[in-house]
Every structure is written in structure tokens, then in C-alpha cells.
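Novice: sequence isn't available, so here's the structure alone:
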């Protein structure tokens, strides 16, 4: 289970830093420092959204994950992001790389998957532009 992170919020909605108790009191123990700050002003701390909630993963296969960002601007051409072994590439719905890179075999699998699911990708792109939830797409079999 991933530990929940907290963001401090002021009354005006801006992020702020929590007041730090004596450095000697909690030296070397950031968990106790955070717990102390949350107890002191619990209304100022709200759970932050994990990365996956902001960037929906729409598919995963053979160690490759497929993500679709929807806040890249109106000018962005329809595409998705593929990640594998620490590398990332932006790929259009026909399977061509727009930016970034992937290992050759992973890129071949991503391109094949994109060609098989082009209609579903286009539907998800339209959902994303309207800020609607995205649908999961079947993995490459």
C-alpha cells in the first residue's frame, strides 16, 4: 500500500508549508513531524491525489503501460504515452512515435496495440477533451 501524502492548504486555497516544531524534537523523523502538524491543524491538510488519479492508465501489457494525459493543450494532436523500462514515448493512434523513445521490441508491440485499438483510443481522446473518465482498453494478447 502506498503511503498517503498530504498537502497543506490555507484558507485561500493556496498550498503552504506546515509550521515546523523544534528541529531537535523530531530530528530525523519526518513521519512524526507530519503527524504533529496534522494534529495541530487537521483542517489545513487534505489528502493529495496519487499520480495515477491525475494521469489515467488505460492499458498495460508485457511490462508496458499506456497512459493518456488530457491537459496538454488544445493544439496537441491525438496521442498516448507508453512507458517501458524507464523510457517513455508519445505515440499517435497509428503507432508512430511523436516524441521520446522505447526499445525496438516494445515499440513494435505498442504500435501493433495502437493499430488494433485505434477507434477506442479516439473515443478516449474525446472523453478526455470533455474531462470525462477514460475507459480501460484491452491489453495486447
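Specialist: That came through, no problem. Just so you know, these numbers come straight off a predicted model, no measurement behind them.

Novice: hey, where'd the strands end up in this structure?
Specialist: Applying DSSP state E to the chain gives strands spanning 6-8, 45-47, 57-61, 64-67, 79-84, 87-92, 97-100.

Novice: and among those strands, the most buried is which?
Specialist: Mean neighbour counts were compared across the strands of the chain using mean count of other Cβ atoms under 10 Å; the top stretch is strand 79-84, at a mean of 22. In short, each C-beta sits where N, CA and C put it, glycine included.

Novice: remind me what it packs against, helices and strands.
Specialist: Counting contacts by 3 or more Cβ pairs under 8 Å, 6 or more residues apart in numbering; DSSP states H and E, strand 79-84 is packed against strand 64-67, strand 87-92, helix 104-116.

Novice: give me the contact list for the shortest one.
Specialist: Looking back up the chat, that one is strand 64-67. 55-60, 80-84, 102, 106, 109-110, 113, 137 (Cβ atoms under 8 Å, 6 or more residues apart in numbering).

Novice: and what of stretch 93-100?
Specialist: Contacts of stretch 93-100 (Cβ under 8 Å, 6+ apart): 77-81, 87-92, 107, 110-112, 114-115, 118, 121-122, 125.

Novice: 6 Å instead, please
Specialist: Outside stretch 93-100, the residues within contact range by Cβ atoms under 6 Å, 6 or more residues apart in numbering are 78-79, 88-92, 111, 114-115, 118, 121.

Novice: these into CSV, with extra columns for pLDDT?
Specialist: Output for the contacts of stretch 93-100, formatted as CSV (pLDDT from 0 to 100):
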residue, pLDDT
78, 91
79, 93
88, 95
89, 96
90, 93
91, 95
92, 93
111, 97
114, 97
115, 95
118, 96
121, 96
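
Novice: please report how far residue 98 lies from residue 130.
Specialist: Using Cβ to Cβ, to the nearest Å, residue 98 is found at 22 Å from residue 130.

Novice: please disregard the earlier target; I meant residue 66.
Specialist: Computed with Cβ to Cβ, the distance linking residue 66 and residue 130 is 20 Å.

Novice: then residue 121?
Specialist: Relative to residue 130, and taking Cβ to Cβ, residue 121 is found at 15 Å.
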